[in-house]
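J.: no sequence on this one, just coordinates:
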């Protein structure tokens, strides 16, 4: 028998972990002499209290859905992809090339091309670690870390030596042409005559992210490929017994993972900055780890966790603006969420399991 | 005192002179909801060899791990040499003079023998003096007890038998008076096992106490002075070996009369289905696992491969099933129904083999045959998930798979009949039924089946054997690999014996004897004039004499 | 390139390799005991901050050093709790530790000094000064040997010499003592140690404790030896380069010395020559910066000498059932 009912495993455990993470964050806020209650109020008001706040929250959420799904897909194949940062960065390069070098007539065509470009570049950046893991057994965690740094160097080089407009001192590409600018959600509301989220960056890629959630769900739980990915993730010997090629599935899972991470660039590079700048990912690749862990690697969980982190991100910015709490607080919260939902999972789980086992024993007696 | 006369030593001759070496009373231990030991009492006399026998999961290993301080008992008292002690960790056990040789060796494989010996028993903070003393002591022990082993050899270079010697030496180096051995012969050839028994007798005659955990009745009868039987976590009997019989022990072990003749008609073999020629396999460490073997299997016959585990049978099954160990080099020819099978490249995988009509019930159902976290219904499609009836295109037809799973569960009487339960929550026998149902109902032209009844309860064994025979009677070919001689003998029509990657000989099941096969298993090919007693005594063929747990592959080796 | 330029580059390579060497040896203890540690970066950062903060507040670099070690040890303890006691995922724990350090250092720095996460610049007793070895001045005029001794070997801060001494010390500890034998065993097969009556948990905690101390030294050197105070994110990926060096070194102490020297040299060269003109092509500085990572990937790929990590690495020890 399973030790716990499913609901306890899926909902109760992450919830308790989250509460613990927030409790410690509150202690940290207290320790720096601020009021956690005030901080929370500022964050909620700033992130959720107005359509302006929501506009930013959802913009960040979009980023985190992509990177969270990226980590989740790889995790199902038992691969810990912490290269989302580099893959998303390279995705930005893909977007920039698509937007700068091809004259588009309509944003929708540009978005499709940019998505493909972003996914292709992100996937390409995941490809080498994937092949090395599958064929040579090189630990993918280490190789993806290394590839994050190599990506940063490569982007730096591309921006300085190649994409930088003549005469500019700024290591950034030229602005993307008008035709590639994506419609903001605020514009869509405006078309309906509703004023919502003026001057916020959330854009049409939010819907792409939602579609990606559905696609990942169908991939993992409904498709044959997903079945193979999950089987490989549980046991490689068993996968080989069943005729599933570990090399093929490892590489495909990582390509999908890298592609999803890369697609984040359609939001931040194409939808918001409208040009490629240095360090455009700003840690969203790493937040994907927290998002996937918290969301138990399920698209619904990832969506909810991404929303939470979107809220934290926007709220953290507001904190820095209105209080003397630096926005690095959210990095601490992020660290604690990863710690409790990921690494200290057993600390929360073991007493819960003992509780349910004891309860069942009493029930049997 | 009949035991004393036959065993040639006085273990039970003076039972009241000294307090018993081990006295357990009321030991209980549960792991979560599973109660592994229930209120166990056990007394072991000083200077005797005591056997503990029982079926899979009876709780033998747990009990001994408690005695060695590896697990803490929930309740109960332990007395060693008459003194009550709390064994909280292995260090306490070692200090109390208890040594243990685990089924999976606890050796560091890239350390030398000497380094392994002193690990945890060093004389001081510096290594050099400890190593020097161990070297001298090792030489003494080697001469005393026939335990020769090169102290400077690295563990991974040693044979399994030698690794086991290192484990015994480790215990003796720590001055163990009470030595526990958990399934020590599972990985040994008959000759190595005989050597081990000589060592054990020598140790006993020196006054040491030995506890032997095994599921093999032959060993109990051959070497122990007294024996205890465990069943489902309880101690059901403790008797003097000389006063009992294998039949009585077998009945105590399973709790009912054992009746297990496989009911089958003589085979009527047809066309050749599988033809193997000069098959070779070298693993990624350069060890030749299969060294040029050739054989045929025809329609309507069961060919059994007998042998001590680790002689290439596993590699043979995996190779034919399409998933040889990574990094292995393969050569030779395999022809299936007239088509040559690719042995390398992308068309040598398990999916292609299935498409060619080869079904496979693998040796290790938990790590190969099933995904333990998947629900039963998902496991029913495992390996066949691309089959058109389970969905065309990229998606799986979950409803179709479920329907099939429910039908299979019903036909194979899988309990509980719940297709949503994860595979890990079924008992060993029911897990195996799921695998057998999946593979047999595909009606493969050739069924590969490895250790079909390992860790499976009696009822399920009969059921699974029946299905295998039915498949044969339907004109299909079956290749059976088992380390259990009785299973091979009762199920097969023809028997091949593997030793050291070679086929030592072929015998007809109807006319061969366990003794003859035992000699072949030990690598002796000239068995024409062999008497039964030279090989494995007839007791070995007793039906309940079968392995207990997963492949006893030593942890330190590979 | 004249001899002085070479000596200068080597000299700066020695300075730059010191934190890498300390962190690499730190990782060596942890990983040899079977605990993967990708949190070296975070521990160094935490140590750099605590060392600089305490040195700035007290004016004593030695108190700063102690604080640095304490800060790093605290995170080691978190890692131990997660990966040893609660048998969690060691990689995830490492990731968390890196973020924790990255956030906490700025939060605390802002709270204490209100300089946007920086600490005030350290001067005088707040920094580790250079040590002039005996006869440095006497020997200085001697050609070749003089400058090598006076500038390259002499004139570093105490922590540089400590780092170099740690190499033979680690080797001796690992291969000549009881502790080393057990440490190596627990990283290869913890069950062998457990059944020998030695506590796996204690051994691993000791190992990550040593790891914490060494990371503490590395971080303290960054903030009070190499630099003069703490700056946000000042480790700048050095923890990961140390990790790369550890793989490069195949988890061996002398290898660690060689690998970190190589990586320190690359950094020194990249720092001195922003781009290197090789005639046919110009090697950009970004390439030099990325080279340690690229080399590590090549090593990991096993094309040049395969790196096999300790066998039980990354796996929490659970007694089999």
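T.: Arrived safely. Predicted model only: the values in this text are computed from it and were never measured.
J.: I'd say residue C:120 and residue C:53 touch.
T.: No - between residue C:120 and residue C:53 no contact is recorded; they are 9.4 Å apart, counting by Cβ atoms under 8 Å. Bear in mind the C-beta positions are built from the backbone N, C-alpha and C, glycine included.
J.: any stretches of chain B with poor pLDDT?
T.: B:1-17, B:32-33, B:56-57, B:189-190, B:254-261, B:458, B:526-558 (pLDDT under 70).
J.: and it, what are its domains?
T.: Chain B breaks down by automatic domain parsing into domains covering B:2-97+B:177-252, B:113-176, B:272-366+B:444-541.
J.: the last one close to chain C?
T.: No - remark: domain B:272-366+B:444-541 sits outside contact range of chain C, by Cβ under 8 Å from any Cβ of the partner chain, the gap being at least 12.1 Å.
J.: please state the offset of that domain from the chain centre?
T.: Averaging C-alpha positions (Cα atoms, centre = their mean, to the nearest Å) puts domain B:272-366+B:444-541 16 Å from its chain's average.
J.: kindly report the same for the shortest one.
T.: How far domain B:113-176 lies from its chain's middle: 26 Å, per Cα atoms, centre = their mean.
J.: what's the end-to-end length of that domain?
T.: Here the two ends of domain B:113-176 are set 18 Å apart, with distance taken as Cα to Cα, to the nearest Å.
J.: up against chain B, what does chain C have?
T.: For chain C, the residues in contact with chain B (Cβ under 8 Å from any Cβ) are C:175-182, C:184-185, C:188-189, C:191-199, C:311, C:319-321.
J.: same thing but 10 Å
T.: Chain C comes close to chain B at residues C:175-182, C:184-199, C:308, C:310-312, C:319-321, as judged by Cβ under 10 Å from any Cβ of the partner chain.
J.: could you flag which of those are buried?
T.: When burial is judged by neighbour count using 16 or more other Cβ atoms under 10 Å in any protein chain shown, the buried members of those are C:177-182, C:184-199, C:310, C:312.
J.: can you tell me the residue of chain C closest to chain B?
T.: In chain C, no residue comes nearer to chain B than residue C:196, which is 2.6 Å away by Cβ to the nearest Cβ.
J.: just to revisit the earlier point, neighbour count winner among residue C:120 and residue C:53?
T.: Neighbours around residue C:120 and residue C:53, counted as other Cβ atoms under 10 Å in any protein chain shown, are more numerous at residue C:53. The numbers are 24 against 17.
J.: so the more buried one is in contact with residue C:220, correct?
T.: No - the pair residue C:53 and residue C:220 fails to qualify as a contact (Cβ atoms under 10 Å) at a distance of 11.1 Å.
J.: now do the shared contacts for those two.
T.: Counting by Cβ atoms under 10 Å, 6 or more residues apart in numbering or on different chains, the common neighbours of residue C:53 and residue C:220 are C:64, C:67-68, C:71.
J.: residue ranges for the strands of chain C, please.
T.: C:275-277, C:282-284 (DSSP state E).
J.: out of these, flag the one nearest chain A.
T.: In terms of Cβ to the nearest Cβ, the element of the strands of chain C nearest to chain A is strand C:282-284, at 5.6 Å.
J.: hmm, that closest one in reach of chain A?
T.: Yes - residues of strand C:282-284 are located near chain A by Cβ under 10 Å from any Cβ, namely C:282, C:284.
J.: for that strand, buried residues please.
T.: Counting neighbours by 16+ other Cβ under 10 Å, one finds that the buried residues in strand C:282-284 are residue C:284.
J.: Provide the strand pairings for that strand, with the direction of each partner.
T.: For strand C:282-284, the pairing partners within the sheet under DSSP bridges are strand C:275-277 (antiparallel).
J.: next one: the partner strand to chain centre, how far?
T.: Between the centre of strand C:275-277 and the centre of its chain there are 29 Å (Cα atoms, centre = their mean).
J.: quick check: nearest residue in space to residue A:284, chain neighbours excluded?
T.: On the basis of Cβ to Cβ, 6 or more residues apart in numbering or on different chains, the spatially nearest residue to residue A:284 that is not a chain neighbour turns out to be residue A:63, at 4.4 Å.
J.: can you give me the pLDDT of that neighbour?
T.: Predicted confidence (pLDDT) for residue A:63: 97.
J.: so it: helix, strand or coil?
T.: Reducing the assignment to helix, strand or coil with DSSP: H, G, I helix; E, B strand; the rest coil, the entry for residue A:63 is helix.
J.: ok, now residue B:78?
T.: Residue B:78 - assigned by three-state DSSP - is strand.
J.: count the neighbours of it for me.
T.: Going by other Cβ under 10 Å, the residues that sit close to residue B:78 add up to 23.
J.: distance of it relative to residue B:100?
T.: Residue B:78 sits 14 Å away from residue B:100, taking Cβ to Cβ, to the nearest Å as the criterion.
J.: then residue B:117?
T.: Using Cβ to Cβ, we find residue B:117 at a distance of 15 Å from residue B:100.
J.: can you check residue B:396 too?
T.: 48 Å.
J.: neighbour count: these two, which is higher?
T.: Taking residue B:396 and residue B:100 together and counting by other Cβ under 10 Å, residue B:100 has the greater number of neighbours (26 against 22).
J.: the more buried one bridge partners, please.
T.: When bridges are taken as DSSP bridges, the partners of residue B:100 come out as residue B:180.
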